Each structure stands twice: as structure tokens, then as C-alpha cells.
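Asker: quick one, fold the following:
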Amino acid sequence: MFEKTVYRKRLYLLKRKRNIKIFFLFIIFTFTILLLFFGKIQIVKYDYYSGLSTRNIKKIEKLTPLRGLIKDREGNIIADNRLSFDLIIPRENLMGKRKIRTIKQLKKFLNIYNKKNKTINSLRNFGTYYLSDEDLSFKDVNYFYSNQEEFNNISLRISPRRLYVLGETGSSFIGYVGEANQKEIRKYNLNIGDFVGKTGIEKYYEKLIKGEKGERIQVVNSRGVLNKIIKSIPPKQGYTLNLTIDSTLQRKIEKLLIDEKRIGSVIVLNPKNGEILSLVSTPLFNPNIFTSYFSQQEWEALINKEGKPLINKTIKGLYSPGSIFKLVVGLAGLEERLISERSIVNCYGYKEIYKKIFHCWKTSGHGPMNLISAIEQSCDVYFYMLGKSLKIDVIKHYATMMGLGEKTGIDLVGEKSGLVPSRTWKKKIYNLIWFPGETISVSIGQGPILVTPLQIAQMFSIIANRGYYITPHLLKYYNNDKKKIFPKYKMKKVPIKKQNFEKIIKGMWRVVNGEKGTGKLAQVQGIDICGKTSTVQVISKETLKSKVKNKKEKRWSNHAWFGAFAPRKNPEIVVVVMIEHSGGGGEIAAPIAGKIIKMYFKDLR
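Answerer: Predicted coordinates:
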């Protein structure tokens, strides 16, 4: 019994001794593994982990370049740049334990100047940072930098912002900048929150204006305070654009339309070289409102504003040309040898064609009309009869030749093509044949025909030049590293005989200067003006009479057109005026054109 007890004790001690050896062997093995692991980190992969550690305290900042300046033809600045001090919060400072401290700092800073307290949900998220406030005052900025240690979890970012020096003036062609969307970020290699041209010159020449980003690599301590700058590549400002616009003339025309409370558009261009001197679309808007971030509600209020100020009516407004189109039909008749200058048509105030009565605007009739007097007095019956002799496809051929129904190619985004009908068009759209009676309405610029004011301006340039034009444009030149780059604009010829243009011009001269001319209110003493009026119905008289209750509403009023060039010989300017829902072209648009021509020749020239 005693021997068994001794044996058990000895066996227990042997097992315990073995377990202790195993434990110590495990400890030695574990420490060996740890030593090898740390040795690998400290020796073998020292450079790799050292690099990671260094990047943790490096801050890489992309530097936004200044956009290129936009100037008028005289070198006056239209679009400049300014600096904005924006309060931002790096994303990492709103994570983990830092979040509470960051919110306290933000509230403390905002409360000092009685600013509205922000919640995290109200901050704008730009991925790597949150935006709290823009355009801080110098007083706020000075306080921030004087107490930077107290606000080490929030930052001030200095950002360039666009400044439109003339405010509303020129908004129709300058356009505006706005926050880049995902498509624009990819296209122009931008960052979230960057601004980009959205409309007008700002968008069309974005690649020239935007400049090149810079980069700054800086080292900050654990509290986010800057220690040193390791590397800095300055951003490169975009190219300066010099436009063809005369900003003084632009401002005067805008004031003229605003004072008369007119909604519409005006174009003034030099027919010799295609340079646009003024491009006006009313109502105006102030593009400076887009240089900061604003809400969806603010955007919707602007786009729904009466008169649609964001729509550039000179290139996007589509209207029936009305009687101005008679110039095209007259040229077609001359070129096709269907009429001569002396061909007579008797106007009795109406004409029955294809068993339908077509009325002239002058119900008592004009009497005997030739081409010149028909243009002067805008006789509908004369052009009804000429339209009857012309096929719709022939009319389309000459209209297209004169630049109607197609984009002009102006250096602006969003230009509309318009429409000049043909047999093929009707078959394709409606699967119907074209009826000869439809040509009668088209011959006086009514029916399914739509043009932009700029197309009409280009057409008047072709007539003024007696058969050639240069694409209307806004860019005169741009500065590329202190060198002026002039774009090449080609002259395009129209295969119509010069003598036929002269016959049309003879009638246009009488529109303004003839005893019975419909555009006499455009006269300016000492200046030889050639023009054409047009009054366009927006609804037929039958529909207005039978289906419209409030017939006096402005939206049912006629559109007023007037196009002109001056002087008759060696023309210097083309002026096109289009006023929406205002009345007759001779009463409304012609006097405005006359005032503009007087401005140019007597006040600004």
C-alpha cells in the first residue's frame, strides 16, 4: 500500500515537470515568433512601414487654378476671379473619438458671430471633407487664424470664385459656372465640389478657361497644425479670352429693353467678319448667384421665373419668321426666273387659291404690286401667288442656302436648329403627303416653319454682303502664354446672283424709307437703313375667336420682328430685334432697331 502511494506521487511529479517544460517551450517559441515578426518590421520591411507612417502625417492638397479672364473687344474685364474663405471639416475629423471634439469646435466658432448652428446632416459632403460655410468675412478669418490651436479639427480653405464684374450685363452669352456633376468631373479631370462652366462662353471654352491644377504636399502634427511644406506645384491660370462684344453697346441695349419692359432678344453683328457686337436676351439674370452653392429650391425658383431668364432666346428661341421669310421667297422666285422686278400681282385684300380664301393683312387690299412694293408694304397676296408657283422643296432649298433651319455654328452650347418643312419631312414625321395649299402659308413665313433670331441675323448678313457670310462668333482671340491666338473663320459663299440680292435690297430700303414702308419708325436721319418688318401670330384668328376665353391675355399677342442692316452701301452692322407677345413688327420692333442703329453710329462709333 505504501509503495503504491510513493509511485503515484512520483508519477504526478514527472507529469508536472513535463508540463512545465512544455509551457516554457511554448513561451520560448512564442517570443521567438514575435522577435522574428518585429525584426521583419524593423529591419527587413523598415522602408515600407516607414513610408506608411510618413504618409499618415502627410497632407496632399490639390490647388484649384484661377479661371481665365473674359474681356470685351476693348479689353475691359467681364469675368474675373475673387477669393472665398470657406470653413471646412476634414472627413477623418468626424469619425471616432474626434467627432465630439470637432462638433464642439464648430459650434464654438459659429456661435461667436451668431451664425446659425449647424448639424452634421446640414453640412455639404464632398467626400474628403464637409463644407460648413462659404465666403467668411475678414473678421471671421482673422479670429480663426488668431486662435487656430482652439480650432485644430476644422479648417479654412481659400478657394477661387468667379466674379462677373458687370453683374447682369452679358449674362446671355457669358453664361455661368456651377458645381461639376459626375460626367463633368470625369470629362475635365475635376474633384468633387469643383466648379465648371455650365452655359455660354464659360462652357463652350471650358478647356481653355479652366487652367491646370497645382499640388501641395505638407506635413502636419498630430493636432493637425502645419509643420512644413515638402513640395508645392503652383496651379496654372486658364487662358484669357477676348470677345467681339462691345460691352457699352450691350449695356445700352439691355437697358433699352428693360426700360420698355420687353421680353425678347437683340443681335448686333458686323456682316463683314461675323463678329457679334451685342447678344441680348431678356429678362436678364445675375450669374454671380451661381458662384456659390445654393439649394434645389433656389434653382427651381430661377428656372420657373417669368420670361425664362436662363434660356438664351437668341439661339434657343424658336419662332415663326413671318413676313421676314418673304425675302427668301422673293430670292427663290428671282433665281428660278418665275418673276422679275416688275412682275405685277393685284391685291384685293384676299385671294382664292385651291378653293380656299387666303387673306392679306391689309383687308382693303394693296392694289397692283410688284416685287419691290410687295416687300415695302409686306403684301401677303403677292407672296401667296409666288408661293403657288414655287414647290415646297424649292423654297426649302433657298431657305437652307440662306442659313434657316440649321445651326449657325456660333461658339455657344445649346443652339437650336429650327425647321424648314419639305415633302420628305412631313412624310417622315406624320407619314402624310405634302399638300400644295400648305405651301401658301409657308410662303409668308407661317405654318410649320421655325427659326432662331441668330439665323435671321445670319440671313441678313448674307443679303447685306450680297451673297457671302462668315459664321457669327463671339471669340476674337485668346492669349496662349502671352501669345495671341486668332481663330480662323472661313468665308462662305451663297450661289445666288448679286443682281437678285440688289433687287431685294431695293425693296428693303423702301421698307424703312418709302412712303408706304412698314418699317418707317426705324428711320435715323443721315443713315441709309434697309430692313424688313414681321408680325407673327401665335394663334390663328379662328382659334382665338372660338376657343379662347380671355382674348386680351398677353400670351395671345403677336410676336414682333424687325431685321435691318446699315448703311445700304458697304454695310457695317446687322441688327435683328425679336420681341415676344408685344404687337406689330413695325410698331414695336422697328423703333427699337432704329434706336440701336443710332446708338452705334452716333453715340459709340
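Asker: phi, psi for residue 401 please.
Answerer: phi -60, psi -30 (degrees, to the nearest 10).
Asker: that one contacts residue 469, correct?
Answerer: No. Counting by C-beta atoms under 8 Å, residue 469 is not a contact partner of residue 401; they are 10.9 Å apart. For the C-beta atoms, the positions are set from N, CA and C on the backbone; glycine is no exception.
Asker: so for these two, which sits in the more crowded spot?
Answerer: In this view residue 401 and residue 469 are compared by other C-beta atoms under 10 Å, and residue 469 has more residues nearby, 27 against 17.
Asker: pLDDT at residue 225, what is it?
Answerer: At residue 225, the model reports a pLDDT of 58.
Asker: same check on the one 3 residues further on?
Answerer: For residue 228, the pLDDT comes out at 74.
Asker: for residue 82, give me its contacts.
Answerer: Contact analysis of residue 82 by C-beta atoms under 8 Å, 6 or more residues apart in numbering lists 160-163.
Asker: that should have said residue 58, apologies.
Answerer: Neighbour list for residue 58: 217-219, 230 [criterion: C-beta under 8 Å, 6+ apart].
Asker: which of those count as buried?
Answerer: Neighbour-count burial (16 or more other C-beta atoms under 10 Å) applied to the contacts of residue 58 gives residue 218.
Asker: and which of the contacts of residue 58 is nearest residue 132?
Answerer: Using C-beta to C-beta, residue 218 comes nearest to residue 132 of the contacts of residue 58, at 21.6 Å.
Asker: so the closest one, which of the three states?
Answerer: Put simply, residue 218 is strand when judged by DSSP: H, G, I helix; E, B strand; the rest coil.
Asker: if I look at residue 20, what pLDDT would I see?
Answerer: 72.
Asker: now it: how far from residue 31?
Answerer: According to C-beta to C-beta, to the nearest Å, residue 20 and residue 31 sit 17 Å apart.
Asker: just residue 480 next, same as before
Answerer: Counting by C-beta to C-beta, the gap from residue 480 to residue 31 is 68 Å.
Asker: same deal with residue 434?
Answerer: Separation of residue 434 from residue 31 (C-beta to C-beta): 97 Å.
Asker: do the same with residue 242
Answerer: The gap separating residue 242 from residue 31 is 76 Å, by C-beta to C-beta.
Asker: same check, this time on residue 266
Answerer: According to C-beta to C-beta, residue 266 stands 88 Å off from residue 31.
Asker: more crowded one of these two?
Answerer: When neighbours are counted by other C-beta under 10 Å, residue 266 and residue 31 differ, and residue 266 comes out ahead with 30 against 10.
Asker: gap between the more buried one and residue 564?
Answerer: In terms of C-beta to C-beta, residue 266 sits 11 Å off from residue 564.
Asker: for residue 436, same thing?
Answerer: 33 Å.
Asker: ditto for residue 147
Answerer: Residue 147 sits 65 Å away from residue 564, going by C-beta to C-beta.
Asker: all helices for the stretch 351-500 of the chain, in order.
Answerer: In the stretch 351-500 of the chain, the helices defined using DSSP state H, counting those that start in this stretch lie at 371-377, 380-389, 392-401, 423-430, 436-442, 453-464, 498-513.
Asker: ok, which of those comes nearest residue 316?
Answerer: Proximity to residue 316 (C-beta to C-beta) singles out helix 453-464 among the helices of the stretch 351-500 of the chain, at 9.6 Å.
Asker: got the angle for the closest one vs helix 498-513?
Answerer: With axes from the mean of the first three to the mean of the last three C-alpha atoms, to 10 degrees defining the directions, helix 453-464 sits at 110 degrees from helix 498-513.
Asker: restricting to C-alpha, output helix 453-464 in PDB.
Answerer: What follows is helix 453-464, C-alpha atoms only, in PDB (Å, rounded to 0.1, in the frame of the first residue of the first chain):
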ATOM      1  CA  PRO A 453     -33.100  85.200 -84.100                       C
ATOM      2  CA  LEU A 454     -29.500  84.400 -84.800                       C
ATOM      3  CA  GLN A 455     -30.400  82.500 -88.000                       C
ATOM      4  CA  ILE A 456     -32.300  85.600 -89.100                       C
ATOM      5  CA  ALA A 457     -29.200  87.800 -88.300                       C
ATOM      6  CA  GLN A 458     -27.100  85.500 -90.400                       C
ATOM      7  CA  MET A 459     -29.600  85.700 -93.300                       C
ATOM      8  CA  PHE A 460     -29.500  89.500 -93.100                       C
ATOM      9  CA  SER A 461     -25.600  89.300 -93.200                       C
ATOM     10  CA  ILE A 462     -25.800  87.300 -96.500                       C
ATOM     11  CA  ILE A 463     -28.200  89.800 -98.000                       C
ATOM     12  CA  ALA A 464     -26.100  92.800 -96.800                       C
END
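Asker: and that helix, what does it pack against?
Answerer: strand 264-269, helix 313-316, helix 326-335, strand 468-470, helix 498-513, strand 559-566, strand 573-579 (3 or more C-beta pairs under 8 Å, 6 or more residues apart in numbering; DSSP states H and E).
Asker: and the ones you listed as JSON lines, adding distance to residue 602?
Answerer: Supplementary listing: the helices and strands packed on helix 453-464 in JSON lines, determined by distance: least, C-beta to C-beta, whole Å:
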{"stretch": "strand 264-269", "distance to residue 602": "15"}
{"stretch": "helix 313-316", "distance to residue 602": "25"}
{"stretch": "helix 326-335", "distance to residue 602": "27"}
{"stretch": "strand 468-470", "distance to residue 602": "26"}
{"stretch": "helix 498-513", "distance to residue 602": "17"}
{"stretch": "strand 559-566", "distance to residue 602": "12"}
{"stretch": "strand 573-579", "distance to residue 602": "13"}
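Asker: out of these, flag the one nearest residue 180.
Answerer: Closest to residue 180 of the helices and strands packed on helix 453-464 is helix 313-316 (C-beta to C-beta; 22.8 Å).
Asker: run through who's touching the closest one.
Answerer: With contact meaning C-beta under 8 Å, 6+ apart, helix 313-316 is reached by 172, 264-267, 279-282, 408, 410, 412, 414-416, 452-454, 578, 580.
Asker: contacting residues around the residue nearest to residue 334 when sequence neighbours are not counted?
Answerer: Spatially, and ignoring its direct neighbours in sequence, residue 334 is nearest to residue 500 (4.2 Å; C-beta to C-beta, 6 or more residues apart in numbering). Residue 500 makes contact with 331, 334-335, according to C-beta under 8 Å, 6+ apart.
Asker: could you do residue 446 as well?
Answerer: Residue 446 makes contact with 320, 322, 536-537, according to C-beta under 8 Å, 6+ apart.
Asker: let me know the pLDDT of the residue nearest to the spatial centre of the chain.
Answerer: Computing the C-alpha centroid of the chain and ranking residues by C-alpha atoms, centre = their mean puts residue 199 first, at 2.1 Å. pLDDT, residue 199: 95.
Asker: state the distance from it to residue 494.
Answerer: 31 Å.
Asker: ok, residue 150 next?
Answerer: Taking C-beta to C-beta, one finds residue 150 at 73 Å from residue 494.
Asker: and those two? which has more neighbours close in?
Answerer: residue 494 (18 against 13).
Asker: so who does the residue nearest to the more buried one when sequence neighbours are not counted touch?
Answerer: If the residues on either side of it in the chain are set aside, residue 494 comes closest to residue 467, at 5.0 Å by C-beta to C-beta, 6+ apart. Counting by C-beta under 8 Å, 6+ apart, residue 467 touches 493-496, 498, 501.
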